[in-house]
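Colleague: have a look; sequence and predicted model below, questions after that.
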Amino acid sequence: MKSDVVPKPAAVSIRGVDKKFGNGFHALDKISLDIADGQFLSVVGPSGCGKSTLLQIVAGLVPASGGKVLLDGHPVVGPQPHEVAVVFQDALLLPWKTTLQNVEFPLDLQGVPAAERRAKSLEMLDLVGLSAFADAYPQQLSGGMRQRVSIARGLAQDPRIILMDEPFGALDEQTRIRMGQELLRIWERSRKTVLFITHSLAEAIFLSDVVVVMGRNPGRILERMEVPLPRPRSSDVMGSDVFGQMRNRLWHLLNDEIDRTDQAAPEL
Amino acid sequence: MSLGRQILIGQVLIVALFLASWELATRTGVIGIDTLAPFSTAVERLIELFGTESFRRDFGATASRVAIAFAIGAPAAVICGFILGEWREVERMTRPVVNFALGIPQSIFLPIFILVFGIGALQKIVFGITHLFFVTLVNTIGAVRSIPSEQVTALRSFGASRWQIYLRLYLPGMLPLVLTGLRLGMIFNILGVLLAEMYVAQNGLGKAIFNWGESGDTVPLTAAIIAVSVSTILLNEIMRVFERRAMRYRLEVGS
């Protein structure tokens, strides 16, 4: 367990980040947001609110037009695989590599010795419960299993920060809920700092310490809400009053935003 | 007996049936000897022909032209295809030229090739190269396109350098389609060289085949056709082995 005696800079500090695309689309309007070390923060928002763009800027995959992102006080200038792992909506496993080879791949690229990366990867496959499928190819796995491999791959990088871009968005509802429970179980063991992008309000509340609601045209933060549910959480909390009230509040916020912007931007 | 084995036996039977009816049709005179020689006679003659200096020289001349054209044209097509696949603007600019080159029957340019390159080996090689180039090019462009951009983003997030992205993602990802392009290119290459040889040449299998055809000498003609067919089929199958090996991971899925 980490000691929090000495005040540290936020694990992720997004300061006035602005993003305009070449075609003039204003994706993000001076976003400022701090994620504390070990915190699980979700961002929800309608399509086109720039939440994925924000994640890509934090990952150093896309440059911001203005403002900056600090990781432990150091500005992000590009991908930082030792600090940050990204889990994408599609698992994006290489089809010609086995499950184990896919988990090892980022470490392989970084030149980690074979024995070390193998041990680390097997450990992570065990953590996501897929040890038995180490030698299977991605096509032989279900969508949910592939996404678990992708999470294991992110964890094997041993980053302090994990960015997840709608990782369960392509899965069916049943698998999605199970994956959420699975993710919580893994997270409670590792206590990484997580930035989680999702469409699902229930998923955001269930998983997070903090839920941030974004609006669109231009993308900006509408509200930041602490989730007062104790941990560890089981799926039973979804039936609690606190959960229901939070979900209602988020739903109304998003609904109002969609009503407002539908008139301004009918194409969305 | 497994289904795979039954299919194999079926395939062998069909080939045997084809050869047998060829033999029968030519022996009984249904197909005249002035059109086609019996299979067995042609094979016998082929073995004799390989004993002669002149046939070996013709065979060697054609094979070396095909090999040189492939050695020059195939890497050129793959490199150009990679560049066009990566730089979409350039690809869109050159697209009409590539499409026209693929669409027009290239044989109509043969007289001009002769005017420019003469009637020697060079002209045969150039004609082989132009035949293989565009089909291999288009397949390579397709191979680059088959790499999802999200996958490139993922590798960047793993800290991959540009070189690592090319070597660890592009190369294995493109391989199956590039190999298909090379195999098709080889077929077109052989077509181009033989065509050029049949039109006008000092030596080569194409010329030999044309001459025997002219003089109605169907036994060596049929023998030479068998020689070309068998060589081409063998080459094609060898290249297919590499292709299958490159996409073994896809084949294992069904099992």
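Modeller: Here it is on my side, so go on. Source: prediction; values computed, not measured.

Colleague: now the strands for the stretch 151-268 of chain A?
Modeller: The residue ranges that make up the strands of the stretch 151-268 of chain A, judged by DSSP state E, counting those that start in this stretch, are A:161-165, A:193-198, A:210-215, A:220-226.

Colleague: of all the ones you listed, which lies closest to A:Gln174?
Modeller: Distances from A:Gln174 to each of the strands of the stretch 151-268 of chain A were compared using Cβ to Cβ; the minimum, 16.5 Å, belongs to strand A:193-198. Just so you know, the C-beta spots here come from the backbone N, C-alpha and C atoms, and that holds for glycine as well.

Colleague: angle of that closest one against strand A:210-215?
Modeller: With axes from the mean of the first three to the mean of the last three Cα atoms, to 10 degrees as the basis, strand A:193-198 and strand A:210-215 are set at 40 degrees to each other.

Colleague: buried stuff in strand A:193-198?
Modeller: Judged by neighbour count using 16 or more other Cβ atoms under 10 Å in any protein chain shown, the buried positions of strand A:193-198 are A:193-198.

Colleague: helices or strands up against it?
Modeller: strand A:40-44, helix A:51-58, strand A:161-165, helix A:201-207 (3 or more Cβ pairs under 8 Å, 6 or more residues apart in numbering or on different chains; DSSP states H and E).

Colleague: is there proximity between whichever helix or strand comes after the longest one and chain B?
Modeller: Which is helix A:51-58. Using DSSP states H and E, the helix or strand that follows helix A:51-58 towards the C-terminus is strand A:66-71. No - Strand A:66-71 lies out of reach of chain B by Cβ under 8 Å from any Cβ of the partner chain, never closer than 13.9 Å.

Colleague: ok, residues contacting the following helix or strand past strand A:66-71?
Modeller: Sequence-wise, the next helix or strand downstream of strand A:66-71 (DSSP H and E) is strand A:74-75. Contacting residues not belonging to strand A:74-75 are listed as A:68-69 [Cβ atoms under 8 Å, 6 or more residues apart in numbering or on different chains].

Colleague: average pLDDT across strand A:74-75?
Modeller: Mean pLDDT, taken over the full extent of strand A:74-75, equals 94.

Colleague: residue contacts, the residue nearest to A:Glu123 when sequence neighbours are not counted?
Modeller: The shortest distance from A:Glu123 to any residue that is not its chain neighbour, by Cβ to Cβ, 6 or more residues apart in numbering or on different chains, is 8.0 Å, and that residue is A:Ala156. When contacts are counted by Cβ under 8 Å, 6+ apart, A:Ala156 is found next to A:103-104, A:106-107, A:117, A:120-121, A:123-124.

Colleague: let's see it at 10 Å
Modeller: With contact set as Cβ atoms under 10 Å, 6 or more residues apart in numbering or on different chains, A:Ala156 has these partners: A:85, A:102-107, A:112, A:117, A:120-125, A:127.

Colleague: among those, which are in strands?
Modeller: Of the contacts of A:Ala156, the ones assigned to strands by DSSP state E are A:Ala85.

Colleague: chain B: which of the contacts of A:Ala156 is nearest?
Modeller: Of all the contacts of A:Ala156, the one sitting nearest chain B is A:Pro106; the distance, using Cβ to the nearest Cβ, is 3.7 Å.

Colleague: could you measure the closest one against A:Pro63, distance?
Modeller: Using Cβ to Cβ, to the nearest Å, we find A:Pro106 at a distance of 22 Å from A:Pro63.

Colleague: of these two, who's got more company?
Modeller: Neighbour tally, A:Pro106 and A:Pro63, criterion other Cβ atoms under 10 Å in any protein chain shown: the higher count belongs to A:Pro106, 26 against 11.

Colleague: re the thing from before, and which of the buried residues of strand A:193-198 is nearest chain B?
Modeller: Distance to chain B across the buried residues of strand A:193-198 (Cβ to the nearest Cβ) is lowest for A:Leu195, with 13.3 Å.

Colleague: what are the bridge partners for the closest one, then?
Modeller: Beta-bridge pairing of A:Leu195 under DSSP bridges involves A:Leu41, A:Leu163.

Colleague: give the contact list for it.
Modeller: Taking Cβ under 10 Å, 6+ apart, we find A:Leu195 in contact with A:11-12, A:14, A:33, A:35, A:39-43, A:51, A:54-55, A:58-59, A:84, A:86, A:161-165, A:212.

Colleague: 8 Å instead?
Modeller: A:Leu195 makes contact with A:12, A:35, A:41, A:43, A:55, A:58, A:161-164 under the criterion Cβ under 8 Å, 6+ apart.

Colleague: just A:Lys120 next, same as before
Modeller: A:107, A:112, A:156, A:158.

Colleague: looking at those residues, which are in helices?
Modeller: When DSSP state H is applied, those are split such that A:107, A:156 fall in helices.

Colleague: centre-most residue in chain A?
Modeller: Nearest residue to the geometric centre of chain A (Cα atoms, centre = their mean): A:Met164, 2.2 Å.

Colleague: shouldn't that residue be in contact with A:Val194?
Modeller: Yes - the pair A:Met164 / A:Val194 is scored as a contact, 6.6 Å apart, by Cβ atoms under 8 Å.

Colleague: hmm, back to that, ranking the helices and strands packed on strand A:193-198 by burial, who's on top?
Modeller: strand A:40-44 (a mean of 25; mean count of other Cβ atoms under 10 Å in any protein chain shown).

Colleague: around chain B, pick out the residues from the stretch 101-250 of chain A.
Modeller: Residues of the stretch 101-250 of chain A found near chain B, taking Cβ under 8 Å from any Cβ as the criterion, are A:105-106, A:109-110, A:137, A:139-140, A:157.

Colleague: looking at the residues you listed, which has the most residues close by?
Modeller: When those are compared by neighbour count (other Cβ under 10 Å), A:Pro106 ends up highest, at 26 neighbours.

Colleague: residue contacts, that residue?
Modeller: A:Pro106 sits in contact with A:81, A:85, A:153, A:156-157, B:158-159, where contact means Cβ under 8 Å, 6+ apart.

Colleague: and B:Met174, what is it in contact with?
Modeller: Neighbouring residues of B:Met174 by Cβ under 8 Å, 6+ apart: B:82, B:140, B:143-144, B:146-147.

Colleague: so of those residues, which ones are in helices?
Modeller: Secondary structure from DSSP H places B:82, B:140, B:143-144 of the contacts of B:Met174 in helices.

Colleague: for the residues of the stretch 101-250 of chain A next to chain B, which one is nearest B:Asp34?
Modeller: After measuring those against B:Asp34 - Cβ to Cβ - the closest member comes out as A:Gln139, at 56.2 Å.

Colleague: the helix or strand hosting B:Ala77 packs against which elements?
Modeller: Using DSSP H and E, B:Ala77 maps to helix B:53-86. Other helices and strands packing on helix B:53-86, by 3+ Cβ pairs under 8 Å, 6+ apart, are helix B:39-51, helix B:88-103, helix B:121-145, helix B:171-199, helix B:205-214, helix B:218-246.
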